[in-house]
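A.B. asks: Need coordinates for the below:
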Amino acid sequence: MTVTRMDNVGIVVENLDGAIAFFTELGLVVEGRTLISGEWSGGVTGLHGQQVEIAMLRTPDGHGRIELSRFEAPAVVSDHRMAPVNSFGYLRVMFTVNDLDDTLMRLEPYGAAVLDKVVNYRDIYRLCYVRGPEGVLIGLAEQIGADETRADPDLRSR
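C.D. replies: Numbers count the residues shown, from 1 in each chain. As a prediction, this is how the structure comes out:
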């Protein structure tokens, strides 16, 4: 086996403080925040001369992480935050929550808005997509029944 774990998902934002506030309200915990620059960092990303402030946040169970990045240099060259869900590239990050209604109420002051509606998937999950900080697409799921998705032919890897 080559992969041992998924370390994090990176999201580039304009307002790092606002994004941190949103994700900490969702329940993530800030692990650290720092400015990244230097030859080594440009060697990784291919953006030589970059200066980027990052914040690493982890899920309460410690298994998932989000890396929020705000580029000071070079300037951001494209923006696909408001792309519809059938666009190429990053789609969304999905989080399981204890109480979907409470979570939506707590995230509303941070600009979160449900894309269409909260749906019931086979009495297993209540699901919705919201636009989070700066329009980033976030999926939220509340488990309400037995999780049989591993046996579900609609969700199984092919």
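A.B. asks: CA atoms for contacts and neighbours, from now on please.
C.D. replies: Noted.
A.B. asks: how would you label Leu68: helix, strand or coil?
C.D. replies: State at Leu68, reduced to three classes by DSSP: H, G, I helix; E, B strand; the rest coil: strand.
A.B. asks: quick one: contacts of the lowest-mean-pLDDT helix or strand in the chain?
C.D. replies: Least confident helix or strand, the chain: helix 39-45 with a mean of 87, by mean pLDDT, DSSP states H and E. Helix 39-45 has contacts (CA atoms under 8 Å, 6 or more residues apart in numbering) with 47-50.
A.B. asks: element containing Asp116, please.
C.D. replies: Asp116 belongs to no helix or strand when assigned by DSSP states H and E.
A.B. asks: Return the residues in contact with it.
C.D. replies: 128-129.
A.B. asks: Show me this protein divided up by domain.
C.D. replies: 1-77, 78-158 (automatic domain parsing).
A.B. asks: gap between the last one and the chain center?
C.D. replies: The chain centre lies 10 Å from the centre of domain 78-158; the measure is CA atoms, centre = their mean, to the nearest Å.
A.B. asks: what do you get for the first one?
C.D. replies: For domain 1-77, the separation from the chain centroid amounts to 11 Å (computed by CA atoms, centre = their mean).
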